[in-house]
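Participant: next comes the sequence, and after it the predicted model I'd like to discuss.
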Amino acid sequence: MWTIGRPDRLYAHGNFLKDEGAQWNFKFCDETQTVLRTNLEVLVKGMGVKRFMFLQDDLRMQFELAAKRSRLSVECVIADLRLGWFSP
């Protein structure tokens, strides 16, 4: 996930299909607060997301705090683009 143009909008691209009939991996663009307040639980509990990767640490911290407050079991990490992977 990363913000797009403004800190209150984000883009996310998953490595999974939203449903069996989907042709492409799941992706979305939405307001950051909407995702934190509403969609976070859907992503973790409903879609089984186990790890979120971020390009910005401030965004990672927002998600980590929201997940902790909601008692959601999800890992929030910063993507390490130099390695093409993530760092905990």
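Facilitator: Arrived safely.

Participant: alpha carbons only for contacts and neighbour counts from here, please
Facilitator: Will do.

Participant: where do the helices sit along this structure?
Facilitator: Remark: helices assigned in the chain by DSSP state H are 32-34, 40-41, 57-69.

Participant: what's across from the residue at minimal distance from the centre of the chain in the sheet?
Facilitator: Using Cα atoms, centre = their mean, the residue of the chain that lies closest to the mean C-alpha position is Phe52, 4.4 Å off. According to DSSP bridges, the partner residues bridging Phe52 are Cys76.

Participant: give me the number of residues near Val74?
Facilitator: Val74 has 19 neighbours, counted by other Cα atoms under 10 Å.

Participant: who's in contact with the residue nearest to it when sequence neighbours are not counted?
Facilitator: Closest residue in space to Val74, ignoring its immediate chain neighbours: Lys50 at 4.9 Å, by Cα to Cα, 6 or more residues apart in numbering. Counting by Cα atoms under 8 Å, 6 or more residues apart in numbering, Lys50 touches Val44, Ser73, Val74, Glu75.

Participant: which of those residues has the most neighbours?
Facilitator: So for these (other Cα under 10 Å), the most neighbours sit at Val74, 19 neighbours.

Participant: how long is stretch 20-29 end to end?
Facilitator: 21 Å (Cα to Cα, to the nearest Å).

Participant: direction included, what does the lengthiest strand in the chain pair against?
Facilitator: Using DSSP state E, we find that the single longest strand of the chain is strand 6-13. Applying DSSP bridges, strand 6-13 is found paired with strand 2-4 (antiparallel), strand 27-31 (antiparallel).
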